[in-house]
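# Below is the sequence, then the predicted model.
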Amino acid sequence: MANRIVPLFLLLLLVAIHAQLWTGRGSVGHVQELRRQIAQQQAANAQARAANERLAAEVGDLKNGLEMVEEKARSELGMVRPSEIYVQVVRPAGK
């Protein structure tokens, strides 16, 4: 009787492990689904990274662009900030 119980127990254990491999958590299908989700997330991350880089470049351009606009407004139009005083020195025409 004991000779039959051990192989039967081992066979049941093998069936349980095999069932876990194909149907449970960590199964082949579950791992494939997780890999698919990882690939999707990596693609979404790459798109978000590219969008962030574009936005960072645009912010940099706007910051530099505003400095250039301010410089031109000061030199060509004589504009000043609210807390500044504008002084213009005019030389006589004859000298």
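Received the coordinates, thanks.
# which stretches of this protein have low pLDDT?
For the chain, the stretches with pLDDT under 70 are 1-2, 95.
# Spatially central residue for it, please.
With distances taken as C-alpha atoms, centre = their mean, the residue of the chain nearest its centroid is Arg49 (3.8 Å).
# Which strand or helix spans that one?
Element membership of Arg49, judged by DSSP states H and E, is helix 28-77.
# try Ile17
Secondary-structure assignment from DSSP H and E places Ile17 in helix 2-23.
# helices and strands around that helix, which ones?
With contacts taken as 3 or more C-beta pairs under 8 Å, 6 or more residues apart in numbering; DSSP states H and E, helix 2-23 sits against helix 28-77. Quick note: C-beta positions are derived from backbone N, CA and C, even for glycine.
# can you give me how far the helix it packs on is from the chain middle?
Its chain's average C-alpha position is 8 Å from that of helix 28-77, according to C-alpha atoms, centre = their mean, to the nearest Å.
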